[in-house]
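Visitor: just coords:
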């Protein structure tokens, strides 16, 4: 693997260590890559990295927090000397942008919740007892 490929892989790994607080609220902690919030990563000359991120909602209050965490995590990657972050203004994020593994975890969680609700409901025998 080339130095640039190693750096890119390190940057993507660092971005996925930044956990979206809203995913924690959904009880499915997921990093920015897994959430589909990373629009682009460009490696420029001399260790400069340009990252475009997309918020999951235009009303997101975590933009500053994301910027701080991304700066910290990505700057620690070997070969990175500077980090620049821009924000997508498309505001078209949806669950469709999530990784397939995160979508599968969501489906499993929903199914488990349905099963738990069904198990908690009294059955026909309990209604006649």
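Guide: Looks like it arrived, so ask away. Just so you know, these numbers come straight off a predicted model, no measurement behind them. Numbers count the residues shown, from 1 in each chain.

Visitor: give the contact list for residue 67.
Guide: Applying Cβ atoms under 8 Å, 6 or more residues apart in numbering to residue 67 gives the contacts residue 85. Where C-beta positions appear, they are placed from N, C-alpha and C, glycine not excepted.

Visitor: mind checking which helix or strand it is in?
Guide: Secondary structure from DSSP states H and E places residue 67 in helix 63-75.

Visitor: next SSE downstream of that helix?
Guide: Downstream of helix 63-75, the next assigned helix or strand under DSSP H and E is strand 82-87.

Visitor: what's the average pLDDT for the longest helix seen in the chain?
Guide: The helix that spans the most residues within the chain, counting by DSSP state H, is helix 100-120. The pLDDT scores in helix 100-120 average 91.

Visitor: what is it packed up against?
Guide: In terms of contacts (3 or more Cβ pairs under 8 Å, 6 or more residues apart in numbering; DSSP states H and E), helix 100-120 is packed against helix 32-35.

Visitor: which pLDDT value belongs to residue 125?
Guide: 52.

Visitor: assumed residue 50 was part of a helix.
Guide: No: assigned with DSSP: H, G, I helix; E, B strand; the rest coil, residue 50 falls outside any helix and is strand.

Visitor: so it sits against residue 70, correct?
Guide: No: checked against Cβ atoms under 8 Å, the pair residue 50 and residue 70 is beyond contact range at 11.6 Å.

Visitor: more neighbours: which of those two?
Guide: residue 70 (22 against 14; other Cβ atoms under 10 Å).

Visitor: that one and residue 103, how far apart?
Guide: Per Cβ to Cβ, to the nearest Å, residue 70 is found 23 Å from residue 103.

Visitor: can you check residue 33 too?
Guide: For residue 33, the distance to residue 103 equals 14 Å [Cβ to Cβ].

Visitor: what of residue 87?
Guide: Distance of residue 87 to residue 103, given as Cβ to Cβ: 24 Å.

Visitor: coming back round to it: more neighbours: residue 33 and residue 103, which one.
Guide: residue 33 (19 against 15).

Visitor: so who does that one touch?
Guide: 12, 15-16, 99 are the contacts of residue 33 under Cβ under 8 Å, 6+ apart.
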